[in-house]
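Enquirer: Pasting the sequence and the predicted coordinates here, then a few questions.
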Amino acid sequence: LGLVRGHTIYAIWLGKDLSALVRLLLGGELTEYTEMMGKARELALSRMLRQASERGADAVLNIRFMTTSVVGSAAELLVYGTAVKLAPPAA
C-alpha cells in the first residue's frame, strides 16, 4: 500500500525549559524533554496509524522515527513506515 507517515512539532513552555536548563548544568535526566518527546512520539505515531487505517492496511512495517530540533525547545518528530495488507491464510 506504500509509505505512511505521522508528523508533529512539539515544544515545552518557557518555565519548564528554564528548569531543564538548570538540570542540564547540574546533571541528570531532563524529564521535561523526556515527557515532551514521549507525547510527540505518541501523537505522530497515532497520525501514521490513522493514515494506514484509512488506506486499509493491516500492519505497518519497518517503522522509523526521526527527530530534528526546530528552534529553541521545539522539536520536529516524523514517524514513517510501509503500510501493508496481509494475504489471507492459504487453504
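Expert: Arrived safely, thanks for sending.

Enquirer: use CA for all of it now, contacts and neighbours both
Expert: OK.

Enquirer: give me the number of residues near the closest residue in space to A74 that isn't next to it in sequence?
Expert: Excluding its sequence neighbours, the residue lying closest to A74 (Cα to Cα, 6 or more residues apart in numbering) is A11, at 4.1 Å. Using other Cα atoms under 10 Å, A11 has 17 neighbouring residues.

Enquirer: separation between A11 and A75?
Expert: Taking Cα to Cα, to the nearest Å as the measure, A11 falls 6 Å from A75.

Enquirer: likewise E35?
Expert: Distance from E35 to A75, by Cα to Cα: 12 Å.

Enquirer: my guess is A59 meets K85, correct?
Expert: Yes. A59 lies in contact with K85 (Cα atoms under 8 Å); the separation is 6.8 Å.

Enquirer: any idea which helix or strand comes after the helix or strand of the chain with the lowest mean pLDDT?
Expert: Sorting the helices and strands of the chain by mean pLDDT, DSSP states H and E puts helix 14-26 at the bottom, at a mean of 64. Sequence order places helix 31-54 as the next helix or strand after helix 14-26, per DSSP states H and E.
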